[in-house]
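Participant: sequence and predicted structure below; questions after.
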Amino acid sequence: MESGGGRSREIPGGGLTTIYNVNVGVSQVMELKGQRRLRTQRATATMEQTDWVIRDAERRGGQMSRAFMAVLMAQDRMKFVREALVLNQQLLGAARERF
C-alpha cells in the first residue's frame, strides 16, 4: 500500500479537509507450465534424499558402535591372555623348583 502526501482542500460551507491519494495493490504468483508441480517434485526428492542420508548416517553409527565394542572386547581378551600367561609362567617356575 502506498500513500502520497496529503493536500488540503476547502469544502463548501467552510472548513478544510485533507485529501490523500492512496494506491492499493494485490499480487499473486502465477505459475506457468507446471512450475508448481516441478518445484513440489524437487522438494519431495530433496526430502527423500535427506531421509536416506540420515538413515545412512545412523547405519554407519551403528557399525562404528559395533566396531568399538569389538575393540573393547579384544582388549579385554588380551588382558585376560596376558594375566593367564603370567600365572602360567609362575606355575612353571614353581613346578621346576619342586620337581
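Facilitator: Right, received. Where do you want to start? Residues are numbered from 1 along each chain as shown.
Participant: using CSV, list the CA coordinates for stretch 62-69.
Facilitator: The C-alpha trace of stretch 62-69 is given here as CSV (Å, rounded to 0.1, in the frame of the first residue of the first chain):
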residue,chain,number,x,y,z
GLY,A,62,25.7,-48.5,14.4
GLN,A,63,28.6,-50.1,12.5
MET,A,64,31.0,-47.8,14.4
SER,A,65,29.4,-48.7,17.7
ARG,A,66,29.7,-52.4,16.9
ALA,A,67,33.4,-52.0,15.8
PHE,A,68,34.1,-50.0,19.0
MET,A,69,32.6,-52.8,21.1
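Participant: list the buried residues of that stretch.
Facilitator: Neighbour-count burial for stretch 62-69, counted by 16 or more other C-beta atoms under 10 Å, picks out no residue. Any C-beta I mention is one placed from the backbone N, CA and C, and that applies to glycine too.
Participant: what's the average pLDDT for that stretch?
Facilitator: Averaging pLDDT along stretch 62-69 yields 92.
Participant: and the contacts of that stretch?
Facilitator: Applying C-beta atoms under 8 Å, 6 or more residues apart in numbering, stretch 62-69 has no contact partners.
Participant: from the chain's centroid, how far away is that stretch?
Facilitator: Taking C-alpha atoms, centre = their mean, to the nearest Å, one finds the center of stretch 62-69 at 22 Å from the center of the full chain.
Participant: ditto for stretch 59-75
Facilitator: What separates the centre of stretch 59-75 from the centre of its chain is 24 Å, taken as C-alpha atoms, centre = their mean.
Participant: please apply the same query to stretch 78-95.
Facilitator: 52 Å.
Participant: now residue 42, what's its secondary structure?
Facilitator: Under DSSP: H, G, I helix; E, B strand; the rest coil, residue 42 falls in the helix class.
Participant: number the chain from 49, please
Facilitator: Right, with 49 as the first residue, what we last looked at is residue 90.
Participant: and it, how many neighbours does it have?
Facilitator: For residue 90, the neighbour count with other C-beta atoms under 10 Å is 10.
Participant: if I look at it, how far off is residue 97?
Facilitator: In this view, residue 90 and residue 97 are 10 Å apart by C-beta to C-beta, to the nearest Å.
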